[in-house]
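A.B. asks: need a structure here:
(chains A and B)
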There are 2 protein chains.
Amino acid sequence: MDNVNLKKLAGELNLAVSTVSRALRDNHEISQETRDRVKALAAKLGFQPNPHASSLRQNKSRTIAVVVPEIQNNFFSQVLNGVEDVAQQKGYHVLIYLTHEDHNREKDILKVLRNGRVDGLMISVSNTTTNFDHLEAYRQTGMPLVFFDRVCEEMDVPHITTDDSKASYKATEHLLKMGCKNIAFLSLACNLSISNGRRSGYLQALAKHGLGNKMIVECGTDDEVNRQKIRKLLQSEQRPDGIFAAIEKFAVNTYEVCYELNICIPQQLKVVSFSNLAAAALFNPPLSTVIQPAYEIGKEAATILFKVVEKKMLLPNEKKVTIASQIVERKSTGRS
Amino acid sequence: MDNVNLKKLAGELNLAVSTVSRALRDNHEISQETRDRVKALAAKLGFQPNPHASSLRQNKSRTIAVVVPEIQNNFFSQVLNGVEDVAQQKGYHVLIYLTHEDHNREKDILKVLRNGRVDGLMISVSNTTTNFDHLEAYRQTGMPLVFFDRVCEEMDVPHITTDDSKASYKATEHLLKMGCKNIAFLSLACNLSISNGRRSGYLQALAKHGLGNKMIVECGTDDEVNRQKIRKLLQSEQRPDGIFAAIEKFAVNTYEVCYELNICIPQQLKVVSFSNLAAAALFNPPLSTVIQPAYEIGKEAATILFKVVEKKMLLPNEKKVTIASQIVERKSTGRS
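C.D. replies: This is a model prediction of the structure:
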């Protein structure tokens, strides 16, 4: 079917089969005029290439994979919207894989992808990933790879992130400005690049203001475990007067514990969090947030990945892209 | 590479190449013992099949596609988690496509998928889809197709939904029980099956309680347009004392307008909404919600899709599956 149709198109247009084939794949060696003529006839005759045959022939799947820890998190779903918009323009499919923050699942996914199912891969690593051998093995195949948000700093692969450390510094300084003297940081697992960035921004702000009393509590995926840790923190002798949550989930857990223990936000405790949830403005009280440029990160990461796929040269500033986050001050950090 | 390795495995195990190939694909004609032996050796020798070659040979991609309107909505991201868990167990990949509520994009996606890139398709139709020809064309190819949540009632394809009409009836009755006499319904575009179900549940509850004063306001994807419509509603002569929102976004817009106009929830207006957002409990005031069994819908839809893919017979009760939603009463519908 496939060959007959290519032949038929070629015959009707008086072109070589290879020209028709390349025109359909938007090869730049074929003039725009010819591409348009071929595509118009292909559309008219309802020509549909066999995707497996053409993948085998071109060794291209016209698919990119995006590996993310989860999609219930607004950040990643917004990133995916950015990726998807670029991929659609390029005529590519997007395969989305979820690791559910499980290192072994991430390893399995990368092993499957190593055999060439996709033309390129974007990944934000899981928070249980402490060993990067599977990523290094993927990189060594020479297949296009881009990191976004949660990156592996050591690997020589394009990185697209937000300015975690700087944004974290600003959020901590905002709490200090609003009168906090004793700020706790609810952190992700410390192996993640974003945890390091967010943690170091918090520590730098404390150091700059001559405060040595750092309080770092590592939280995770289990809501009940997080609430226990936060309860313990808020019932301790050295109870903090400010909490900075590294992710939205930990801020939600903090609110839950404050309701339970009748701790008033912001009078008794000020709260700020990294979060991309629009409804944060409806919280009781409205939650101050550090908003990450999620859509832009997705768009930029996909754009750079396609450059690598198309073997275009990356500019030096495209190897490490940082897009700024933005702080939105709301009542949860207001003056008492 | 591929053939050499299959041959090599077959040689070492003293089996036919076709037996090895089928054992690796978990063909039930091969004994479990043989499958285990083959897989053990394949793992030991690091055998990796070429995905395009095996797709072409088997005419199987070991991929299913899920087409959803968006993933920033918690409902769909939870559905996808359910789908993903089933697919992973089956050793399948999941391709996720977003229509962004755009009928033309949905048509384009289905056209691409018609040429056999995937083994099966699950879809929740966009709210701008009023013509179902593209779905009918897909169905006529004979490729496995399952609808979930937003279905096309007329088509003879398995449907997995929640009890929209019943849940909507209960939510409206809950508002009546809490003292509302004048309830408005914020509806999705009326071409959707779920809009019809939710709308009819609302109308049935009003009718049963002898209330004729229905107020239906159709909202959409644009927040500002929605807020304008809600503002107009809440400033009208016949201002409602209860709002039932068909989706979470409309409840968020309602809260925003109430803050702006200084309308107290629940004293002046009670609000209930379909929503799967855990943080609804943190809203000011906490939002009463109709929670849909999103994860279960995804799991069930994927399970049924795989039965169709594997050409297993569906039981009569698997052709139309309904999983109940649950109402969680919070302060937004409390007694004044």
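A.B. asks: pull the number of nearby residues for the nearest residue to A:F283 once chain neighbours are set aside.
C.D. replies: Nearest residue to A:F283, sequence neighbours excluded (CB to CB, 6 or more residues apart in numbering or on different chains): B:L282, at 4.8 Å. Where you see a C-beta, it was placed from the backbone N, CA and C, and this is true even at glycine. Counted by other CB atoms under 10 Å in any protein chain shown, the residues lying close to B:L282 total 22.
A.B. asks: isn't B:L282 up against A:Y255?
C.D. replies: Yes. Counting by CB atoms under 8 Å, B:L282 touches A:Y255, with 4.9 Å between them.
A.B. asks: next, work out how far apart A:Y97 and A:G298 are.
C.D. replies: As judged by CB to CB, to the nearest Å, A:Y97 and A:G298 stand 15 Å apart.
A.B. asks: more crowded one of those two?
C.D. replies: A:G298 (28 against 22).
A.B. asks: the more buried one: what's it in contact with?
C.D. replies: A:78-84, A:86, A:148 (CB atoms under 8 Å, 6 or more residues apart in numbering or on different chains).
A.B. asks: tell me which entries of these lie within strands.
C.D. replies: Applying DSSP state E to the contacts of A:G298, the entries found in strands are A:F148.
A.B. asks: of the contacts of A:G298, closest to chain B?
C.D. replies: Set against chain B, the nearest of the contacts of A:G298 by CB to the nearest CB is A:E84 (5.4 Å).
A.B. asks: pull the number of nearby residues for the closest one.
C.D. replies: For A:E84, the neighbour count with other CB under 10 Å is 23.
A.B. asks: hang on, the earlier thing: which of the contacts of A:G298 come close to chain B?
C.D. replies: A:78, A:80-81, A:84 (CB under 8 Å from any CB of the partner chain).
A.B. asks: which one of those residues sits in the busiest neighbourhood?
C.D. replies: Using other CB under 10 Å as the neighbour criterion, A:L80 leads these with 27 neighbours.
A.B. asks: ok, now which ones touch that residue?
C.D. replies: Contacts of A:L80 by CB under 8 Å, 6+ apart are A:66, A:68, A:71, A:94, A:96, A:298, B:71, B:96, B:98.
A.B. asks: could I get these as a markdown table with distance to B:V118 and pLDDT?
C.D. replies: Output for the contacts of A:L80, formatted as a markdown table (distance: CB to CB, whole Å; pLDDT from 0 to 100):
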| residue | distance to B:V118 | pLDDT |
| --- | --- | --- |
| A:V66 | 17 | 95 |
| A:V68 | 21 | 92 |
| A:I71 | 19 | 81 |
| A:V94 | 13 | 85 |
| A:I96 | 14 | 84 |
| A:G298 | 23 | 97 |
| B:I71 | 18 | 81 |
| B:I96 | 11 | 84 |
| B:L98 | 16 | 85 |
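A.B. asks: inside strands: which ones of those residues?
C.D. replies: Per DSSP E, the contacts of A:L80 map to strands at A:66, A:68, A:94, A:96, B:96, B:98.
A.B. asks: surely A:R239 is in contact with A:L233?
C.D. replies: Yes. When contacts are counted by CB under 8 Å, A:R239 is listed as touching A:L233 (7.3 Å).
A.B. asks: what about these two, which has more around it?
C.D. replies: A:L233 (18 against 14).
A.B. asks: and the strands in the stretch 1-150 of chain A?
C.D. replies: A:63-68, A:93-98, A:120-123, A:145-148 (DSSP state E, counting those that start in this stretch).
A.B. asks: find the nearest non-adjacent residue to the residue of the stretch 151-300 of chain A at minimum distance from chain B, please.
C.D. replies: Closest contact between the stretch 151-300 of chain A and chain B, by CB to the nearest CB, is at A:N284 (3.3 Å). Residue nearest to A:N284 in three dimensions, not counting chain neighbours: B:N284, with 3.3 Å by CB to CB, 6+ apart.
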